[in-house]
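K.L.:
Here is a sequence with its predicted model. Questions after.
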Amino acid sequence: MEKIAVVGCGSYMDQGYGCPGEWRCLKAAALGEGKFEEPAAVVAFIKCECPGRTVLPALGMAAKISEIKPDKIYLSSCLVNARPGCPYTAPEDLAALIEDKTGTQVILGTHDYH
């Protein structure tokens, strides 16, 4: 089973836009739905805090503490599809930065649930 980490939008989580931490991402991963090709084990769920400076250290710390390096990192659907968009960085730019620093493939989005 693939081991994955999810990066969610902290603003969405904190404002309660249906993102409690995020059950839809966890459901899609468990069932292999949405952007997941097969069921996956979520080994980390990282909350992106504005302006996003903590994402890379948090991903590194999660891997270090759990002693599990994810096979892929997913940017949550709420982060990728946020309207209005993040004023600090585009999801594609954040994905490229994470891939560059971690060497781990980043997938844009997690689910298609409404």
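P.N.:
Perfect, I can see it now. Numbers count the residues shown, from 1 in each chain.
K.L.:
Please tell me how far the nearest residue to residue 47 once chain neighbours are set aside sits from residue 36.
P.N.:
Nearest non-adjacent residue to residue 47, counting by C-beta to C-beta, 6 or more residues apart in numbering: residue 10, 4.4 Å away. C-beta: built from backbone N, CA, C; applies to glycine. Separation of residue 10 from residue 36 (C-beta to C-beta, to the nearest Å): 22 Å.
K.L.:
contacting residues around residue 50?
P.N.:
10-11, 86, 88 (C-beta atoms under 8 Å, 6 or more residues apart in numbering).
K.L.:
Could you do residue 59 as well?
P.N.:
Neighbours of residue 59 in contact, by C-beta under 8 Å, 6+ apart: 5, 7, 44, 46, 73, 98, 102.
K.L.:
Now intersect the contacts of residue 50 with the helices, please.
P.N.:
Among the contacts of residue 50, the ones falling in helices (DSSP state H) are 10-11.
K.L.:
which among the contacts of residue 50 gets closest to residue 25?
P.N.:
Distance ranking of the contacts of residue 50 against residue 25, using C-beta to C-beta, places residue 10 first at 13.8 Å.
K.L.:
Quickly note the distance from the nearest residue to residue 89 once chain neighbours are set aside to residue 35.
P.N.:
Closest residue in space to residue 89, ignoring its immediate chain neighbours: residue 52 at 5.6 Å, by C-beta to C-beta, 6+ apart. Counting by C-beta to C-beta, the separation of residue 52 from residue 35 is 21 Å.
K.L.:
ok, those two, which is more surrounded?
P.N.:
residue 35 (21 against 18; other C-beta atoms under 10 Å).
K.L.:
The more buried one belongs to a strand?
P.N.:
No: looking at residue 35 with DSSP: H, G, I helix; E, B strand; the rest coil, it is coil, so not inside a strand.
K.L.:
The protein: strands as residue ranges?
P.N.:
2-9, 40-48, 72-75, 105-108 (DSSP state E).
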